[in-house]
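Generate a structure from the sequence data that follows.
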Amino acid sequence: MQTLGIVLVGAGNIAQNIHLPVLAAMAGVRLIAIVDKQLSKARILADRYGIPNVARTVDDVLGLPGVDAVVVTTSTDAHASVTLAAIAAGKHVFVERPIARTLDETTAIRTAAAEADVTVMVGMNHRFRPDVVQLKNAVERGDIGSVFYVKAGWVKQRSTDARWLAQADKSGGGVLVDLGIVVLDMILHVFNFGRVRSVTCSTFHHETKSVEDVVVAMLTFDSGAVATIETSWSLMRAEDLYYCNVFGKKGSAFINPFKLVKRVGNEFQTTMPTAQKAQLSIYRKTYETELKHFMNSAKGLVPPVSTVDEAVDRMKVVEALYASAELKREIVIP
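Take a look at the predicted model:
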C-alpha cells in the first residue's frame, strides 16, 4: 500500500478533536510534521501523536523528505497563503471550508492548482453524511419527481472558542461563510438545478458587529427551481437545527433524519430508515470518510469531490448574496 506523508497546518480545536486523531489512525498515512504559530502547542500534539517535526510556518516543512500532501486547518485568513505555498511545492492539499475569504483568493488557488496538476479538495464533510447521501440518491432516482423547491438551513450558536469567526478580516464574513456556505454547497451538490441565476439576501447583526449573525436568502436557478437558505448564530433556539426540506412533483424528502413522503391514493406514506446511529459517531465518520477519499484521490485512485472549480462557483454565489444584502435588492449573477 502506498503511504502518503502528511503535513498538518493549524493545531486548533478542529484539528485536535477530528483531523489529528483520524489521520493518526488511518492506514496508508504518515504524519510527518505539524505546523502552528504557537510552537509549544504543536510540540505537545507532536509528542502525543508521534509526529517527528514541528514548525511555525509551512515553508519550514514543505522540503522535508516524504511530504506528499498538506492538510490545512488554520483560521480562514491563512487558507489561501498556506494552500498556495503547498501547491507551489507540488503538494496535494486538503483545505477546510471555506476554501478562502474571497472569490479572488479562490480563483488564485484554482489557477495555481491547474498549473501544478495537483489535487486540491475542500472540506465539506456534510457530503458524506448518510442522510445527505440518501437524499441525493433519492433525488437522482426520481423518487419524488422533478424538484422545484428546497428549503434548507443550519442554525446553531457561535463557537466561543473560535472568536476569529466574528472578525471579518480573518474569516471573510460571518455566519454566511461559516455555516451558510455548507447549506449552499449541500443544495448545489444534491440537486441538478443548473446555474444560480439570481439571489436575494437579508443579513442581520444582533450579537456581532463587524459580521452578520443571521442570513435569510433565496436562490433562483436557470431551471426555474427555487431554494431558500436560513442560517444563524443567534436565533433563539435551545438546540441546533440542520435541515433540508425538498419538494418535488411526486413527493417530498427531508433530512436529519432522512425520510420520503409520497401520496398513495388519498393518504400520505412516509418511508425512513429504521437504524439511526448516534449523532456524534455520524459526525466523526463523515470526516473519516472524507479524509480517506482525499488520500485516495491524492494517490490517483479516485477523482476528488468538493473541487476547487466547485468552490469558485460557491464563492460567486456568496459574494452575490453579500452584494444583495448590502444593496437591498436582487442580484443577477452574470
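
Identify the residues contacting whichever strand or helix holds residue 122?
Taking DSSP states H and E as the criterion, residue 122 maps to strand 120-123. Outside strand 120-123, the residues that touch it by C-beta atoms under 8 Å, 6 or more residues apart in numbering are 83, 87, 92-99, 109-110, 113, 290, 293-294, 297, 304-308, 310-311. Backbone N, C-alpha and C define where each C-beta goes, glycine included.

For residue 203, grab phi and psi.
phi -120, psi 150 (degrees, to the nearest 10).

Now the closest residue to it other than its chain neighbours: which helix or strand?
Among residues not flanking residue 203 along the chain, residue 212 sits closest, at 3.7 Å (C-beta to C-beta, 6 or more residues apart in numbering). According to DSSP H and E, residue 212 maps onto no helix or strand at all.

for residue 212, what are its contacts?
Residue 212 touches 173, 174, 175, 176, 203, 204, 205, 325, counting by C-beta under 8 Å, 6+ apart.

ok so the fourth one is a helix residue?
Which is residue 176. Yes - according to DSSP: H, G, I helix; E, B strand; the rest coil, residue 176 belongs to a helix.

Do I have it right that it meets residue 320?
No - using C-beta atoms under 8 Å as the test, residue 176 is too far from residue 320 to be in contact (11.2 Å).

Please point out which parts of stretch 53-70 sit buried.
The neighbour-count criterion (16 or more other C-beta atoms under 10 Å) identifies 53, 54, 55, 58, 61, 62, 67, 68, 69, 70 as the buried residues of stretch 53-70.

Correction: the previous question concerned stretch 313-332.
313-322, 324-325, 331.

Would you state the strands of the stretch 101-250 of the chain in chain order?
For the stretch 101-250 of the chain, strands defined by DSSP state E, counting those that start in this stretch occupy the ranges 120-123, 147-155, 196-204, 214-221, 226-232, 241-248.

How about residues contacting the second one?
Outside of strand 147-155, the residues that reach it under the criterion C-beta under 8 Å, 6+ apart are 139, 179-180, 182-183, 186-187, 191, 193, 224-232, 235, 237, 240-249.

Restricted to buried residues, select these in ChimeraX.
A single ChimeraX command is used to select the members of the contacts of strand 147-155 judged buried by 16+ other C-beta under 10 Å:
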select :139,179,180,182,183,186,187,191,193,225,227,228,229,230,231,232,235,242,244,246,247,248
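
ok, back up a step: could you dump the strands of the stretch 101-250 of the chain into CSV and include distance to residue 255 and mean pLDDT?
Formatted as CSV, the strands of the stretch 101-250 of the chain follow (distance: least, C-beta to C-beta, whole Å; pLDDT from 0 to 100):
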stretch, distance to residue 255, mean pLDDT
strand 120-123, 19, 98
strand 147-155, 9, 98
strand 196-204, 21, 98
strand 214-221, 18, 98
strand 226-232, 14, 98
strand 241-248, 5, 97
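
can you put the ones you listed in a markdown table and add distance to residue 76?
Below are those laid out as a markdown table (distance: least, C-beta to C-beta, whole Å):
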| stretch | distance to residue 76 |
| --- | --- |
| strand 120-123 | 12 |
| strand 147-155 | 17 |
| strand 196-204 | 18 |
| strand 214-221 | 17 |
| strand 226-232 | 16 |
| strand 241-248 | 21 |
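
Can you say which of those strands is nearest to residue 42?
strand 120-123 (20.4 Å; C-beta to C-beta).

Give the buried residues for that closest one.
Quick answer for strand 120-123 (16+ other C-beta under 10 Å): 120, 121, 122, 123.
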